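Asker: Whatever this is, show me its structure:
(chains A and B)
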2 protein chains.
Amino acid sequence: MKREKGLLIVLSGPSGVGKGTVRKELFTDKDLDLQYSISMTTRQPRDGEVDGVDYFFRTKEEFEALIEQNKLLEWAEFVGNYYGTPVDYVKETIEAGKDVLLEIEVQGAMQVKKSFPEGVFIFLAPPSLSELRNRIVGRGTETEDVIHSRMLMAKEELEMMDEYDYVVENDTVEMACERIKAIVTSENCRRERIAKIYKRLMEVEE
Amino acid sequence: MKREKGLLIVLSGPSGVGKGTVRKELFTDKDLDLQYSISMTTRQPRDGEVDGVDYFFRTKEEFEALIEQNKLLEWAEFVGNYYGTPVDYVKETIEAGKDVLLEIEVQGAMQVKKSFPEGVFIFLAPPSLSELRNRIVGRGTETEDVIHSRMLMAKEELEMMDEYDYVVENDTVEMACERIKAIVTSENCRRERIAKIYKRLMEVEE
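Answerer: Below is the predicted model:
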């Protein structure tokens, strides 16, 4: 396939929709050969977690300096800790012609879109609201109140669908992954991504 | 898959690139289930050709009346006869939720784009200019002059690539068809095609 750069693929969607499961399955696909973007955080490493493998572990001061320098593609504060995506790794990887997949929350995805509109923004959607509720309940540990507030949040997050390039229904993990693979193949055929290099190759020949 | 309408897929590209072969292969694919748009012509039926099956055979007057009434998605005159695509069949089929594939020349494709910008415009491209030349020569019956003028035309037609949504390299028929299938799957996940119906389904449930 003729192309100048890899793709930045942003996989997002409401909480409970199954982003993590789909992401894990995508990373087992040899044809796709996706690159994993390691997140940065200020939280303490848990047992067995390695800096530069599981996360980049940084101090709050270091993290805030990176925010200042625009070195994070997206970031958020969660329970007193920062989490974010370092921009340099993503840029270097796609410049090297490889595809990077980010699996992030909808708010983070919207931040990425601002600085990286040429990314491929995929919204993973539940087959139905009742199915989403089943999945949230399915985790087993939540009270009725927590489930209710999660559902309210999920409905709000569903509205964010309008900001994405694609909506992929997560009816089954297998089907969702097939659709995402098709999207990657298809995006690599998009004229604006390849026409320039294609024409250059045609001229060289003459 | 949730969607309101079928897709109009326009497959085009320079002469000699192999559009016909790719189109035939796509029509054998049961998953794609593409509908064939029967062309209209003013030329005489050949032995065995049936009106409404191979072509819609019409008189010059009938054809010109349809041009007047904007009832043709695209049309051209070729060696004294008209050829064109009736718009009604295409519209009815996609309204019924089925995908229609048109395989047409680049000039015709540009006409379709004017009246049907929501179509999926795929430019089939040769792997290289020398390969395109091989394919034109490969037909065996052309003189050097004819080959030269075909190559000049093909180079001009390659410039039309910029007007398309996708560029699919026809390195092998099999690979080209795989890419086109991925494009169809991917287009059916495009947010602007499905977000509205998706949200409506989500609301009904509440």
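Asker: ok, residue A:136 - how many residues close by?
Answerer: Residue A:136 has 21 neighbours, counted by other Cβ atoms under 10 Å in any protein chain shown. (Glycine included, C-beta is placed from N, CA and C.)
Asker: which residue sits closest to it in space, ignoring its chain neighbours?
Answerer: residue A:16 (4.4 Å; Cβ to Cβ, 6 or more residues apart in numbering or on different chains).
Asker: Just confirm the one you found is within a helix.
Answerer: No. With DSSP: H, G, I helix; E, B strand; the rest coil as the criterion, residue A:16 is coil rather than part of a helix.
Asker: Next, work out how far apart it and chain B are.
Answerer: As judged by Cβ to the nearest Cβ, to the nearest Å, residue A:16 and chain B stand 14 Å apart.
Asker: ok, now residue A:177?
Answerer: 12 Å.
Asker: Read off the pLDDT value for residue A:59.
Answerer: Predicted confidence (pLDDT) at residue A:59: the value is 97.
Asker: just checking, it touches residue A:42?
Answerer: Yes. Here residue A:59 reaches residue A:42: they are 6.5 Å apart, a contact under Cβ atoms under 8 Å.
Asker: higher neighbour count, the two?
Answerer: Neighbour totals were compared for residue A:59 and residue A:42, and residue A:42 leads with 19 against 10 (other Cβ under 10 Å).
Asker: Next one: the more buried one, what pLDDT does it get?
Answerer: 97.
Asker: what sits against it?
Answerer: Neighbouring residues of residue A:42 by Cβ atoms under 8 Å, 6 or more residues apart in numbering or on different chains: A:57-60, A:63, A:81-82.
Asker: What remains of these if I keep only buried residues?
Answerer: A:57-58, A:63, A:82 (16 or more other Cβ atoms under 10 Å in any protein chain shown).
Asker: So which of these is the closest to chain B?
Answerer: residue A:82 (30.2 Å; Cβ to the nearest Cβ).
Asker: wait, the closest one sits on residue A:60?
Answerer: Yes. Contact criterion Cβ under 8 Å: residue A:82 and residue A:60 qualify, at 6.9 Å.
Asker: what's the helix or strand where residue A:181 lies packed up against?
Answerer: In the assignment (DSSP states H and E), residue A:181 maps to helix A:173-187. Judged by 3 or more Cβ pairs under 8 Å, 6 or more residues apart in numbering or on different chains; DSSP states H and E, the packing partners of helix A:173-187 are strand A:8-12, helix A:19-27, strand A:120-125, strand A:166-169, helix B:173-187.
Asker: Tell me how far that helix lies from the chain's centre.
Answerer: 14 Å (Cα atoms, centre = their mean, to the nearest Å).
Asker: ok, now stretch A:52-68?
Answerer: On Cα atoms, centre = their mean, the centre of stretch A:52-68 falls 19 Å from that of its chain.
Asker: Identify the residues contacting the helix or strand bottoming out on mean pLDDT in chain A?
Answerer: Ranking every helix and strand in chain A by mean pLDDT, DSSP states H and E puts helix A:191-205 at the bottom, with a mean of 77. In this structure, residues lying in contact with helix A:191-205 by Cβ under 8 Å, 6+ apart are A:1-5, A:187-188, B:123, B:125, B:128-130, B:155, B:158, B:161-162, B:164-167, B:169.
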